[in-house]
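> A structural model of the following input is requested.
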Amino acid sequence: MWVLDADLAAAFDRIDHNHLLAAIGDFPARGMVADWLKAGVIESGKEFAPTGEGTPQGGVISPLLMNVALHGLEEAAGIRYTANAEACRVEAGSPVLVRYADDMIALCHSQEQAEQVKARLAEWLAPRGLVFNEDKTRIVHLSEGFDFLGFNVRRYRQKLLIKPSKAAIRRLRKRLASEMRALRGSNAAMVITKLNPIIKGWAAYYRSVVSKKTFQSLDYYLWQLLYKWATWSHGNKPKAWVVDHYFGKHNKFRNDRWVFGAPGTTAYVVRFSWTDIVRHIPVKGGASLDDPKLTEYWAKRRKKAKPPLDNYTMRLLTRQDVRCPLCGDPLLIADQPPESPDQWQRWWLQLTRKAIAADYLVHHGRPGTPDGDQTRLVHASCHRRHLARPRRGTAQQQPEPPSRLA
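Modelled structure (predicted):
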């Protein structure tokens, strides 16, 4: 198996406007799209720049316009399908193309076929204003491996393994080190608040591939950063005091005495290796999100997908039917899962700040444990309102001070 690992040079900046508008055809908003493309841009610290070609990278509509511009790429690469009752399948001997935005790979049966696919695609891309970045585009054997979307895909003898790419690991290590330097002078609670979404987001993105050893390695690297931060923050204290002050069995569900925690609180830094490895289940046949007949299939698939939560939280969610006991609304909405470490990080921030909070809640007549208390998961907003009610009731019951006599 040979792989064409292709990279387009400045793809978003070079899309030909005339070809893109011709591909849109008689779409009702064609005039609006044309105005967007020609509107120009103003960057911070720079003057107005006209946009004679390309689309704004980072714009909300740019990925959609890229898909429109690259529509027909598979046909140009020579990919052939055979249709049957269930789905379309690639014909024997045909290459396979995988694309995400402007990143693409072509899986071929020989090196010669990979060279032919590259030549056909180069000819097809030219009228659209796009060219290959020859410095980054390469043809490799699957035994050498290639990187795609932060993953490394490589065949080891007869076994294909997908792992986090070395470049992605380097970026994460660099970010963690940068964050810890910026947090010098902050307290432990701030360190935990900053690191946990990054750790959980990165681990959630890579939990579906061969990541166990990578997670363990990153845990040790993060421990070194945390220990270095703690000793720097207390330069006049002995190291034994620093260890006793910050490290211990802060997670009651883990027999690990080297967990970093904030003194006087229950908050602690999570570990990468605490995220369970959950294999990705391939989509059936040619199932598409845009097919209204498959709405139920996608809903069931999302419901079965285990969110990257610990087992204790999952048991609570299952027991509560994923609903808040105070308002009855769902705690987690079954939606399209995040598609990058940054999106997973934002998912975690939303979850911890807005979505759920665990606490011991009084049932107010509802069946529960004999002492009337039971751990539940509730919306953070519902939790705040629940705690505010007793305070308001206590304030109303306090006697008013006697008024002064005239």
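> can you give me the helices in the stretch 51-200 of the chain?
For the stretch 51-200 of the chain, applying DSSP state H, counting those that start in this stretch gives helices covering 62-69, 73-77, 111-125, 166-182, 188-205.
> of the ones you listed, which is nearest V378?
Closest approach to V378 among those is made by helix 188-205 (20.0 Å; C-beta to C-beta). Where C-beta positions appear, they are placed from N, C-alpha and C, glycine not excepted.
> would you mind listing the buried residues in the closest one?
In terms of neighbour count (16 or more other C-beta atoms under 10 Å), helix 188-205 has its buried residues at 188, 191-205.
> just how off-centre is the lengthiest helix in the chain within its chain?
Criterion DSSP state H: the longest helix present in the chain is helix 212-233. Centroid separation for helix 212-233 versus its chain: 22 Å, with C-alpha atoms, centre = their mean, to the nearest Å.
> tell me what angle that helix forms with helix 166-182.
Between helix 212-233 and helix 166-182, the angle comes out at 20 degrees (axes from the mean of the first three to the mean of the last three C-alpha atoms, to 10 degrees).
> other SSEs contacting helix 212-233?
Counting contacts by 3 or more C-beta pairs under 8 Å, 6 or more residues apart in numbering; DSSP states H and E, helix 212-233 packs against helix 166-182, helix 188-205, helix 239-246, strand 259-260.
> what about 10 Å?
Counting by 3 or more C-beta pairs under 10 Å, 6 or more residues apart in numbering; DSSP states H and E, the packing neighbours recorded for helix 212-233 are strand 159-164, helix 166-182, helix 188-205, helix 239-246, strand 247-248, strand 259-260.
> just checking, which helix or strand of the chain averages the lowest pLDDT?
When each helix and strand of the chain is scored by mean pLDDT, DSSP states H and E, strand 356-362 comes last, with a mean of 46.
> give the rounded mean pLDDT of the helix or strand following that one.
Once strand 356-362 ends, the next helix or strand along the chain (criterion: DSSP states H and E) is strand 373-379. Strand 373-379 shows a mean pLDDT of 70.
> for C108, which residues are in contact?
By C-beta atoms under 10 Å, 6 or more residues apart in numbering, the contact set of C108 is 1-4, 77-78, 93-97, 114-118, 139.
> apply 8 Å and report the result again.
Taking C-beta atoms under 8 Å, 6 or more residues apart in numbering, we find C108 in contact with 1-4, 95, 114, 117.
> which pLDDT value goes with the closest residue to it other than its chain neighbours?
Nearest non-adjacent residue to C108, counting by C-beta to C-beta, 6 or more residues apart in numbering: A114, 4.1 Å away. Looking at A114, its pLDDT reads 93.
> right, and A114 touches L4 too?
Yes - under the criterion of C-beta atoms under 8 Å, A114 makes contact with L4 at 4.7 Å.
> and of the buried residues of helix 188-205, the nearest to L65?
Distance to L65 across the buried residues of helix 188-205 (C-beta to C-beta) is lowest for Y205, with 25.7 Å.
> and the gap between the closest one and Y268?
From Y205 over to Y268 the distance is 22 Å, taken as C-beta to C-beta, to the nearest Å.
> P282 now?
The value you get for P282 to Y268, if C-beta to C-beta is used, is 36 Å.
> likewise K166?
According to C-beta to C-beta, K166 and Y268 sit 29 Å apart.
> more crowded one of these two?
More crowded of K166 and Y268, by other C-beta atoms under 10 Å: Y268, with 20 against 11.
> OK, contacts around the more buried one?
192, 250-251, 259-262.
> what's the closest of these to W298?
N251 (34.8 Å).
> and the closest one, how many neighbours does it have?
Using other C-beta under 10 Å, N251 has 17 other residues around it.
> low-scoring pLDDT stretches of the stretch 301-406 of the chain, where are they?
Applying pLDDT under 70 to the stretch 301-406 of the chain flags the ranges 305-307, 310, 332-339, 345, 347-374, 390-406.
> same check on the chain?
Ranges of the chain meeting pLDDT under 70: 84-88, 305-307, 310, 332-339, 345, 347-374, 390-406.
> thinking again about what came up before, neighbouring contacts of the longest helix of the chain?
Residues from elsewhere that reach helix 212-233 (C-beta under 8 Å, 6+ apart): 163-164, 169, 172-173, 176-177, 180, 183-185, 191, 195, 199, 203, 206, 239, 242, 245-247, 258, 260, 269, 271-273, 275, 277.
> make a ChimeraX selection of the buried ones in the contacts of C108.
Buried subset of the contacts of C108, written as a ChimeraX selection, criterion 16+ other C-beta under 10 Å:
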select :2,3,4,95,114,117
